[in-house]
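Asks: just need the structure, nothing else, for what follows:
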Amino acid sequence: MTALTLPRITHRHVEVDGLRIFYREAGPAEAPTLLLLHGFPTASHQFRRLFEALGSDYHLIAPDLPGFGHSDTPDPAEFAYTFDHLAEVITGFVDALDLRRYALYVFDYGAPVGFRLAEARPERVAGLVVQNGNAYQQGISALFQQLLDLRPDQPGAEEVLLREVSSGSLDLQYLTGVRDRSLVDPDGPALDQRLLDLPLHQRVQVQLMFDYHRNLERYPDWQHWLRTHTPPTLITWGRADPFFTEAGAHAYLRDLPEAELHLFDTGHFALEERLQEIATLIAEFLDKL
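Replies: Sure, this is the predicted structure:
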């Protein structure tokens, strides 16, 4: 029997600004580091299979944002759930772990958090891996724009957003554009839904959705950062994403003409269906760094 080599994946918490932030870590510390930032409504468990694929050869770290996964979820009455605040916590997380140099994997909500982190610690960013992580107006779908136009003082706006985070909404995110649904692990959306069914987590997500439009206001700043720092960049994109369109992937090439772009015939959570291809691209990218 051939001996199997599997990565050693650890699961820890670190305290940042009085919060216990959960994170997964794998791989040798001396190897190239990839800091992975998850999206809505999931957590670092969305990268579990990528950790298995790459965790023996590369140093992978994936935290859960505050209010997600196994990290602390303070009451929204006591903690401002804004993307500015999430980025402050993740900046503190990077400092707490003394991460001096890393490539950033930004996906969905992880993109606005990651670009704020890149602005705060530009000297630490060795490269970018962008997977359906938007930074351009062209990448916002009409469906998503309707949600972004809602404001807390509009009658019925909160109820609309509550429906978006309630039972049944995850099929849109996980299954739209997927060609082989048998490749989508049901454990991921089941865990996401279990947390979303909790009233506290629903309030968290509504606050973040109301704040998301401020990310669009920051797009010009992040585009300037990309043009100024020109980090090596790998873009992998599920082209049938119902929220972040294929045009958003192409838009990066305006500011990063040397970026490597790969489009996949799948949906928002591209790793579910196209893990092998994307993992291979990431490994090749990290080797170049």
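
Asks: residues in contact with stretch 282-289?
Replies: With contact meaning CB atoms under 8 Å, 6 or more residues apart in numbering, stretch 282-289 is reached by 32, 34, 50, 54, 57-58, 103, 105, 126-127, 129, 232, 234, 236, 260. Backbone N, C-alpha and C define where each C-beta goes, glycine included.

Asks: what do you get if the cut-off is 10 Å, keeping everything else the same?
Replies: 31-34, 36, 50, 53-54, 57-60, 101-103, 105, 126-129, 131, 231-234, 236, 260 (CB atoms under 10 Å, 6 or more residues apart in numbering).

Asks: so how far is stretch 177-194 off the chain centroid?
Replies: Centroid separation between stretch 177-194 and its chain, computed with CA atoms, centre = their mean, to the nearest Å, is 17 Å.

Asks: now the end-to-end length of it.
Replies: Stretch 177-194 has an end-to-end distance of 24 Å (criterion: CA to CA, to the nearest Å).

Asks: what residues sit buried inside that stretch?
Replies: Using 16 or more other CB atoms under 10 Å as the burial criterion, the residues of stretch 177-194 that qualify are G177, V178, V184, D185, G188, P189, L191, D192, Q193.

Asks: which ones among those map onto helices?
Replies: In helices, defined here by DSSP state H, the members of the buried residues of stretch 177-194 are G188, P189, L191, D192, Q193.

Asks: contacts only, for Y105.
Replies: Applying CB under 10 Å, 6+ apart, the residues contacting Y105 are 34-38, 47, 50, 60-62, 111, 114, 127-131, 133, 234, 236, 282.

Asks: okay, helices next: where are they in this structure?
Replies: Using DSSP H, the helices found in the chain span residues 48-54, 83-96, 110-120, 142-148, 157-164, 170-175, 187-196, 199-211, 213-229, 246-255, 270-288.

Asks: could you find the closest non-adjacent residue to P189?
Replies: L170 (4.5 Å; CB to CB, 6 or more residues apart in numbering).

Asks: for Q276, same thing?
Replies: A53 (7.5 Å).

Asks: and the one you found, how many neighbours?
Replies: Residue neighbour count, defined by other CB atoms under 10 Å, stands at 20 for A53.

Asks: wait, doesn't it sit right on L34?
Replies: No. Counting by CB atoms under 10 Å, L34 is not a contact partner of A53; they are 11.8 Å apart.

Asks: could you name every residue contacting both of the two?
Replies: Residues touching both A53 and L34 (CB under 10 Å, 6+ apart): F47, L60, I282, A283.

Asks: show me what the residue nearest to the second one when sequence neighbours are not counted is bridged to.
Replies: By the measure of CB to CB, 6+ apart, the closest residue to L60 outside its immediate chain neighbours is A26, 4.8 Å from it. The residues listed as beta-bridge partners of A26 by DSSP bridges are I9, L60.

Asks: ok, the residue lying closest to R214 once chain neighbours are set aside - contacts?
Replies: Leaving aside its chain neighbours, R214 sits nearest to F83 (6.7 Å; criterion: CB to CB, 6+ apart). For F83, the contacting residues are 65, 109, 111-113, 115-116, 208, 211-212, 214-215, 218, by CB under 10 Å, 6+ apart.

Asks: now with 7 Å?
Replies: P112, V113, R116, D211, R214, N215 (CB atoms under 7 Å, 6 or more residues apart in numbering).

Asks: count the neighbours of the first one for me.
Replies: Spelled out, it's P112. Neighbours of P112 under the rule other CB under 10 Å: 27.
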